[in-house]
Structure formats: C-alpha cells, structure tokens
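Asker: sequence first, predicted coordinates after that:
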Amino acid sequence: MSHLIQIADSEVSFTCGSDQSILDAALKAGVQIPYSCKKGVCGNCAAHIEKGNFQRLLIWPEAQLTGQELLCQCRPQTDLVIKPPQWHQSTPAEAKKVQVKVYRNVAAAPDVNLLHLRLPAGQRIKFRAGQYLNIVLPDGQLRSYSMANPPHESDSIQLHVRHVEGGLFSQIARQLIPGDVLYVELAYGQVQLSQDDQSHLLCVCGGTGFAPVKSLLDDLAKQKSQRQITLLWGSKDTAGLYLLDHIAKWQKSLPHFKFQAVVETESDALSLGAFHGRVDGAILAMDSDSAVQEVYCCGSPNMVAAVKKVCLNALGLQSENFHADVFVTSQSAGATHLA
C-alpha cells in the first residue's frame, strides 16, 4: 500500500510504500535529503515528522532530544507530513554501473591500500565531493567506498581501502594488479557542504575517513577557496597518517588552512609533534580565534558520536551544520560503508 508524503511548507510530495523507507522513496522521487549510511547510524537523514503514523525500524537515541526521526528507519502507515532541515528537488537519476580497470595499487600504510581505477577511454563520471560508490563483488554483494579524488578528476577513481579482518573486498583489494577488472555503481550519498559558505570549516576524520575529506579539500583547492579550514586527522599511530605530503600541498594552495595530526600512541605523537589523544579532545584544545560554524566528520560510529557531542555541547554548533559520513563494517548493523 502506498502513502502520500508531503514536504512541510511546500507543494512537493511523493509516494512511499508501507514496506519502503521514507528516505528511499524520497530519493527515488528526486527529493534530495542528506544521508550517508542508510543504516540508522550517522543521523544525517533526521527530520521532523509533523503529521501521520509511521513504523520505526530502529530507535534513534537522539529522537527524544531533537524530536526528529531517521527517515531511513521509518516506514509510513498513513499519509505523512515531514520537515527535513535540508532538502532540494532534482531530476531522479539512476546510479550507473560501469566497468573499471585497476591501473595502480599501492600500500600507503600497513593496513591501507590506495586503489586507482581507470574508466574506459573517453568515459567520465559525474559526482560530488564526499560521495561514494559500490563495488559489485562476483557474488553480487556490494561494498561501499568513498571516492578520494575530486570531481574534476572525472576519468578515474581513487579509493582508500582499509584491511578489515574477514572483509570480502579488502582481501581482494590487496591482490589486485594493473589490468584487473572491477564493476562499480555510482554515485551515492548526499553529504555536501554549502558552496557559498565562507565560515570556519572544521574537518575531522579517523583512519580512512580521510578519503572523502581529501576529495572535499582537493575540490576547495581547485576553487581557490578562501575559507578558514581546520583539519584534524586521528590515528592510533603515525603509520595511519599516510598522505602527509598531500596535506602539505593544501598548506600552500589553501591560504587559511590548518592541520593538526591526532595520535593516540604517546611516543608517536611526540615524534610527529601531534596532539596526543583522541579527536574529540583535540577539538576542545583548539584555538578559539574563530568560531567553528560548520563541521564535516568522517569515521567510525563511536568517533562520529563523540565529535558530534563535543561540537554541539562545547562549541555550540547548530545540529544542521554537523555533516557526518559514518564508516561501519559489514558486521555492524549490516552496513557496508567501508571507506
């Protein structure tokens, strides 16, 4: 049975089946609502449901505090009126499945491979910084990875593949050689920053959460952005900070860019001159010369939750200005965003 979903204070509506998530129905209808994991972890698709009855597949801990529901976890039982903090309407676009070839595969860290893929000659892809793709495995299973290259590098794809114990694709990735063929579906994800916003942007990432941040900052460098940008990159040790030479390029091309490495191992932190501890602690220790007004956070669910708590409670950040891309393993709530 289908129900009508109305966007509050607008004339926009779409239909949604009682066995379908509101988020999936919205995206299919061309109503673009921010999302990342689709598994009830990241919180990006939270919205007020102002009228109607619905079924929750998962209880969101923040629902009682915010009065919002996760649209990826709600199915309608009647017609609904919803009020997402952010949304826009576009022409529905089907994800493309394309064949790509490996042209480089290098170990960037003991547990990370940089996988460079090339599209067929003359073919290009269209995506936004921060989006991800699905690797289609031989048995049809999907594994999701953020694209680390910026949108203007549209004839190739760069992925940062972390080795996960028992991970289906991470085991394959280590063995890939130039010329090997893969199939990918792209592009997915609606986590994006305001193009015209010139306020202080804080990027926080852990491990290979650096991948979408790299795409974002390469894109801002291409645009010759004048934004004040601070990057905090957390790792257990210095080996996990695998592209410091690329960060040096941003320090030259982005005039108001600051970088702080955050390392949990004390001896490694001292040797690198990094902040010793976790990224949420590093946020509290930041200079307060300019208030952070927008945050882009990428990493594990626990890390993202800790960063969000600090940003909202200690920095006074508005919740709609906190953007998250949550990376979880295939064993965690069935999610597969493994970048």
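Answerer: That came through fine.
Asker: any weak-confidence spans in the stretch 51-200 of the chain?
Answerer: 63-65, 91-95, 190-192, 194-196 (pLDDT under 70).
Asker: which parts of it are helices?
Answerer: Taking DSSP state H, counting those that start in this stretch as the test, the helices found in the stretch 51-200 of the chain are 63-66, 168-173.
Asker: return the most buried member of those helices.
Answerer: For the helices of the stretch 51-200 of the chain, average neighbour numbers computed from mean count of other Cβ atoms under 10 Å are highest in helix 168-173, which has a mean of 18. C-betas here are computed from N, CA, C, even on glycine.
Asker: contacts for that helix, please.
Answerer: The set of residues external to helix 168-173 that reach it, using Cβ atoms under 8 Å, 6 or more residues apart in numbering, is 105, 113, 115, 135, 137, 141, 143, 161-164, 330, 338.
Asker: Trp60: which of those is nearest?
Answerer: For Trp60, the nearest member of the contacts of helix 168-173 is Ser330. The distance, counting by Cβ to Cβ, is 21.6 Å.
Asker: now tabulate the helices of the stretch 51-200 of the chain in CSV and tack on distance to Trp233.
Answerer: Compiled in CSV, these are given as follows (distance: least, Cβ to Cβ, whole Å):
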stretch, distance to Trp233
helix 63-66, 29
helix 168-173, 21
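Asker: re earlier: in strands, which of the contacts of helix 168-173 appear?
Answerer: When these are checked against strands using DSSP state E, the ones located there are Asn105, Asn113, Leu115, Ile135, Arg143, Val161, Arg162.
Asker: returning to that earlier point: show me the one of the helices of the stretch 51-200 of the chain that comes nearest Ala46.
Answerer: Proximity to Ala46 (Cβ to Cβ) singles out helix 63-66 among the helices of the stretch 51-200 of the chain, at 6.6 Å.
Asker: mind listing the strands for the stretch 101-250 of the chain?
Answerer: Applying DSSP state E, counting those that start in this stretch to the stretch 101-250 of the chain gives strands spanning 112-118, 132-136, 142-146, 156-162, 181-188, 200-206, 229-235.
Asker: nearest to Ser300, out of the ones you listed?
Answerer: Nearest to Ser300, of all those, is strand 200-206, at 6.1 Å by Cβ to Cβ.
Asker: sheet partners, orientation included, of the closest one?
Answerer: Here strand 200-206 is paired, per DSSP bridges, with strand 229-235 (parallel), strand 292-299 (parallel).
Asker: contact partners of it?
Answerer: Strand 200-206 is touched from outside by 193, 212-213, 216-217, 227-235, 279, 283, 290-300, 303, 307, 311, with contacts defined as Cβ under 8 Å, 6+ apart.
Asker: buried ones from the contacts of helix 168-173, can you make that a ChimeraX selection?
Answerer: The ChimeraX selection below is limited to those of the contacts of helix 168-173 classed as buried (16 or more other Cβ atoms under 10 Å):
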select :105,113,115,135,143,161,162,164,330,338
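Asker: export the contacts of helix 168-173 as a markdown table, with columns for distance to Ala274.
Answerer: Written out in a markdown table, the entries for these read as follows (distance: Cβ to Cβ, whole Å):
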| residue | distance to Ala274 |
| --- | --- |
| Asn105 | 28 |
| Asn113 | 23 |
| Leu115 | 27 |
| Ile135 | 32 |
| Leu137 | 36 |
| Gln141 | 37 |
| Arg143 | 31 |
| Val161 | 24 |
| Arg162 | 20 |
| His163 | 23 |
| Val164 | 25 |
| Ser330 | 31 |
| Leu338 | 25 |
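Asker: and the closest residue to Arg75 other than its chain neighbours, how far from Leu270?
Answerer: The shortest distance from Arg75 to any residue that is not its chain neighbour, by Cβ to Cβ, 6 or more residues apart in numbering, is 4.7 Å, and that residue is Gln55. Remark: distance between Gln55 and Leu270 (Cβ to Cβ, to the nearest Å) = 52 Å.
Asker: again with Glu153
Answerer: Glu153 is 36 Å from Leu270, where distance means Cβ to Cβ.
Asker: neighbour count winner among these two?
Answerer: A direct count of neighbours by other Cβ atoms under 10 Å for Glu153 and Leu270 places Glu153 higher, at 17 against 11.
Asker: the strands paired with strand 200-206: which one's closest to Pro76?
Answerer: Each of those was scored for nearness to Pro76 using Cβ to Cβ, and the closest is strand 292-299 (30.1 Å).
Asker: just to revisit the earlier point, need the max-distance pair from the ones in strands among the contacts of helix 168-173.
Answerer: Distances among those were taken as Cβ to Cβ; the most separated pair is Asn105 and Arg143, at 16.0 Å.
Asker: and the pLDDT at Leu244?
Answerer: The predicted local distance difference test score for Leu244 is 94.
Asker: report the contact partners of it.
Answerer: By Cβ under 8 Å, 6+ apart, Leu244 lies in contact with Ala261.
Asker: next: the one 10 residues further on.
Answerer: With Cβ under 8 Å, 6+ apart as the criterion, the residues that contact Leu254 are Leu217, Leu220, Ala221, Ser225, Arg227, Ile229.
Asker: do that again at 6 Å, thanks
Answerer: Residues in contact with Leu254 (Cβ atoms under 6 Å, 6 or more residues apart in numbering) are Ala221.
Asker: swap in the one 5 residues further on?
Answerer: With contact set as Cβ under 6 Å, 6+ apart, Phe259 has these partners: Leu231, Ile247.
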